[in-house]
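Undergrad: okay, here's the prediction I keep looking at, along with the sequence it came from:
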Amino acid sequence: MTPKILEKLKEIEERRGVEILLAVESGSRAWGFASPDSDYDIRFIYRHEKDWYLSPWDKDETIEFMTEDDLDGSGWDLRKTFHLLLKSNAALLSWFYSPIVYVKNKRFYDLFKPLADECFSPVAVFYHYLSMSKKYLEACRGDEVKLKSYFYLLRTALTGKWILEKGTVPPVLFSELLVLTDDFIREKTENLIALKATKDESYHHPNDRELFWFLETMIKDSEEKAKGLNGGNTNKAKMEKVFGKYWTYKNLRYETAV
């Protein structure tokens, strides 16, 4: 599928007159628990030519596409990316940690990745995932639950716990979050991962009450412990310097996926 994805990204560049700086997988395939019918969730950052940014008028800063062969694409312009970085946007931060990279402009990545790490706000990202985990907790209270929703609950709850215990940008790979569980919970979860790889996204599964209780308790404990979390180290002057510095270099074409 990678050649089709790269072909589609090239088409976007040519049709929209942009350069894609980073393109990654973001979703169940990147997390490591895809179903056979999971979409390819392609997320990317792009830039226009310099003159595009000199206009006084608001412009569309998002590109989206959906293809018949399950390519779900969404990209943000460079300027919008900086605005979201200032807010420590959880989705944006995760793109820089995706294990599946389709396109990477080295100059952009080398300038932007350290800045993204510095702007990481534990309190902002934690509460983003806490809100999601509470939503999925309610969706998974029944005797039978959508297995896809159960994994969203697992991932968001463990991500919140990671931020509390590690204080760093949480990993994208779900398997790396399992270090926060004991052997009993890890075995249950790994068995569900193996099952999900054989079932489509609509599959419902009997609720595992032990696992559900573990997650419900974790979310409550995490919310209580989060009261002392700190914000990020955003520095607008430094961000502006990075934004300007990027334009001083001749464009370096990207590295494509292996």
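TA: It's in. Source: prediction; values computed, not measured. Residues are numbered from 1 along each chain as shown.
Undergrad: so, low pLDDT: which residues of the stretch 151-258 of the chain?
TA: The stretch 151-258 of the chain contains residues with pLDDT under 70 at 245-258.
Undergrad: what segments of it are strands?
TA: Applying DSSP state E, counting those that start in this stretch to the stretch 151-258 of the chain gives strands spanning 204-206, 255-256.
Undergrad: show me which residues of stretch 220-229 are buried.
TA: Within stretch 220-229, the residues that count as buried by 16 or more other CB atoms under 10 Å are 222-223, 226, 229. Quick note: C-beta positions are derived from backbone N, CA and C, even for glycine.
Undergrad: swap in stretch 68-88?
TA: So, applying 16+ other CB under 10 Å, buried residues of stretch 68-88: 71-73, 75-78, 80-82, 84-85, 88.
Undergrad: between those, which is nearest A30?
TA: D72 (12.5 Å; CB to CB).
Undergrad: now that closest one: how far from S26?
TA: 10 Å (CB to CB, to the nearest Å).
Undergrad: hang on, the earlier thing: of the buried residues of stretch 220-229, closest to F214?
TA: Distances from F214 to the buried residues of stretch 220-229, taken by CB to CB, are shortest for S222, at 12.3 Å.
Undergrad: wait, that closest one sits on W162?
TA: No - proximity of S222 to W162 does not meet the contact threshold set by CB atoms under 8 Å, at 9.8 Å.
Undergrad: shared neighbours of the two, which are they?
TA: Common neighbours of S222 and W162, using CB atoms under 8 Å, 6 or more residues apart in numbering, do not exist here.
Undergrad: okay, now F151: neighbour count?
TA: Using other CB atoms under 10 Å, F151 is surrounded by 23 other residues.
Undergrad: show me the common contact partners of D72 and S26, please.
TA: Joint contacts of D72 and S26 (CB under 8 Å, 6+ apart) are 41-42.
Undergrad: which of the three states applies to the spatially closest residue to W52 that is not a sequence neighbour?
TA: Distance criterion CB to CB, 6 or more residues apart in numbering; nearest residue to W52, sequence neighbours excluded, is K59 at 7.5 Å. On the three-state scheme (DSSP: H, G, I helix; E, B strand; the rest coil), K59 is labelled coil.
Undergrad: same deal with S98?
TA: Per three-state DSSP, S98 ends up coil.
Undergrad: how near is it to P171?
TA: 10 Å.
Undergrad: which of these two has more neighbours?
TA: Remark: of S98 and P171, S98 carries more neighbours, 21 against 18, as counted by other CB under 10 Å.
Undergrad: that one: what's it in contact with?
TA: Contacts of S98 (CB under 8 Å, 6+ apart): 24-26, 30, 43, 172.
Undergrad: 6 Å - rerun?
TA: Neighbouring residues of S98 by CB atoms under 6 Å, 6 or more residues apart in numbering: 24-26, 30, 172.
Undergrad: between these, which is nearest F112?
TA: Using CB to CB, V24 comes nearest to F112 of the contacts of S98, at 13.0 Å.
Undergrad: for the longest helix along the chain, name the packing helices and strands.
TA: As assigned by DSSP state H, the longest helix anywhere in the chain is helix 147-166. Packing contacts for helix 147-166, counted by 3 or more CB pairs under 6 Å, 6 or more residues apart in numbering; DSSP states H and E, involve helix 122-139, helix 174-177, helix 209-225.
Undergrad: V18: which of the ones you listed is closest?
TA: Of all these, helix 122-139 comes closest under CB to CB, at 27.6 Å.
Undergrad: could you check how far the closest one is from the centre of its chain?
TA: Centre-to-centre, helix 122-139 and its host chain are 14 Å apart (CA atoms, centre = their mean, to the nearest Å).
Undergrad: which helices and strands sit right next to that helix?
TA: Partner elements for helix 122-139 (3+ CB pairs under 6 Å, 6+ apart): helix 147-166.
Undergrad: the helix it packs on: how far from the chain's middle?
TA: The mean C-alpha position of helix 147-166 is separated from the chain mean by 13 Å, CA atoms, centre = their mean.
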